[in-house]
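Undergrad: Sequence isn't available, so here's the structure alone:
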């Protein structure tokens, strides 16, 4: 087989030491770099959710020697996350960052942790070998985040891993031919978790423009929600999508779960009830799903004091959607260098648009007042109109900087810092 020319990406070398809870170097620890493509800039919700529920893509890995030292090569200038793990210790990771040059002394300090262990079987009780088991902090999908804790089941279907402590942990299992399994109520330690995977089926559909059904609706994000979790996909340029490994629960096609959510692509978010749909020969064909193009809002975001344009602000509509779709909320627009934005797929019943930027103050009370306005019948759009203009101003926020350290003065990586007002907002 002639592979032709293989092109290597320029890399940088990272060296450091993996220590235990008492400061002792740990031999045989696994240090990995994983892909961490930045989805924050565009607020690509499908990419963010896929990043949360799918395994990390390992770029490079190394094992520590007898002195606990590792040497790792990562792509130059590309966003990556680093993690270190070894049996009996909680995984530690570094948030997303890019490396432009070689780095010395990037150390990991592993603490003893609470393990999660169990066994994975199929519907007939047979062990599932090589299933990918992930434990993730769901909040890591927002912000820089930390890499997931991952392992695979052995020949008996058994697995064990020790994630970093978090307020909430979610366990996911991926295995070929089975529906994705999720468990959102984990409280480590868990030493004998029994997981039975279900056989999956496929969902096929095509999204079209409600005003012109002959026109496909491409690049629409689709989330199919079922009893055991969810599956995520995106329609192609023809508006078509085939989603595999969806759970077939015993009580109806989705065990009471119930819906497919559609958003993005310049259309209003949409919910489709699936509680009365049943797959035939392993396929649930939903046919054409008509989506409302909604309205368009244009405007400019500026600094309230200086009047200067604000680049990179996220602008989205508020209101006009039911409870399930409010969590989706449509795809935000990002302001350009002149502070201008153009927001498509806005519900005609939307009450307002809001802008968020990490260097400017955001008042949650504004959103609450907006929902109150919606109940009063206010709308962004005049009757019979599908276009509106709204300019927004933001007030520059205070910036807090500091350092998080352990009782012994050691810097703590990956800590989450939050600020709130007296009402906890």
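TA: Arrived safely, thanks for sending. The structure displayed is predicted, hence computed values, not measured ones. Numbers count the residues shown, from 1 in each chain.
Undergrad: quick one: residue 352 from residue 381, how far?
TA: Shown here: residue 352 relative to residue 381, a distance of 12 Å by Cβ to Cβ, to the nearest Å. In short, each C-beta sits where N, CA and C put it, glycine included.
Undergrad: whoops, residue 125 was the one
TA: Relative to residue 381, residue 125 is positioned 57 Å away (Cβ to Cβ).
Undergrad: just to revisit the earlier point, between residue 352 and residue 381, who's got more neighbours?
TA: residue 352 (22 against 19; other Cβ atoms under 10 Å).
Undergrad: Would you mind confirming that the more buried one makes contact with residue 380?
TA: Yes. Shown here, residue 352 and residue 380 form a contact pair, counting by Cβ atoms under 8 Å, at 6.7 Å.
Undergrad: who touches both of the two?
TA: 317, 390 (Cβ atoms under 8 Å, 6 or more residues apart in numbering).
Undergrad: For stretch 275-290, what is the distance to the chain centroid?
TA: When distances are taken as Cα atoms, centre = their mean, to the nearest Å, stretch 275-290 is centred 27 Å away from the chain's centroid.
Undergrad: what's the span of that stretch from first residue to last?
TA: 19 Å (Cα to Cα, to the nearest Å).
Undergrad: Quick check: next helix or strand after the lowest-mean-pLDDT helix or strand in the chain?
TA: When each helix and strand of the chain is scored by mean pLDDT, DSSP states H and E, helix 364-375 comes last, with a mean of 51. Remark: after helix 364-375, the chain's next helix or strand is strand 387-389, criterion DSSP states H and E.
Undergrad: If you count neighbours, what's buried in that next one?
TA: With burial defined by 16 or more other Cβ atoms under 10 Å, the residues of strand 387-389 counted as buried are residue 388.
Undergrad: Note down every partner strand of it and its orientation.
TA: Strand 387-389 sits in its sheet next to strand 295-303 (parallel), going by DSSP bridges.
Undergrad: Show residues contacting the partner strand.
TA: For strand 295-303, the external contacting residues (Cβ under 8 Å, 6+ apart) are 308-310, 313, 315, 317, 335, 338-344, 346-348, 350, 353, 355, 357, 360, 380-381, 385-394, 396.
Undergrad: hang on, residue 139 is in a helix, isn't it?
TA: Yes. The assignment for residue 139 is a helix, going by DSSP: H, G, I helix; E, B strand; the rest coil.
Undergrad: Which strands and helices lie in contact with the helix or strand containing residue 287?
TA: Under the criterion of DSSP H and E, residue 287 resides in strand 283-291. Secondary-structure packing of strand 283-291 (3 or more Cβ pairs under 8 Å, 6 or more residues apart in numbering; DSSP states H and E): strand 200-209, strand 259-264, strand 267-273.
Undergrad: Now with 6 Å, please.
TA: When contacts are defined as 3 or more Cβ pairs under 6 Å, 6 or more residues apart in numbering; DSSP states H and E, strand 283-291 sits against strand 200-209.
Undergrad: and the strand it packs on, which residues are buried?
TA: For strand 200-209, by 16+ other Cβ under 10 Å, it's 200-201, 203, 205-209.
Undergrad: Break down the stretch 1-150 of the chain into its helices, ranges please.
TA: Assigned by DSSP state H, counting those that start in this stretch, the stretch 1-150 of the chain shows helices spanning 45-53.
Undergrad: Low-confidence bits of it, can you list those?
TA: 37-51, 140-146 (pLDDT under 70).
Undergrad: rerun that using 90 as the cut-off
TA: Residue ranges of the stretch 1-150 of the chain with pLDDT under 90: 1-4, 6-10, 21-22, 35-58, 77-81, 87-88, 93-98, 111-114, 136-149.
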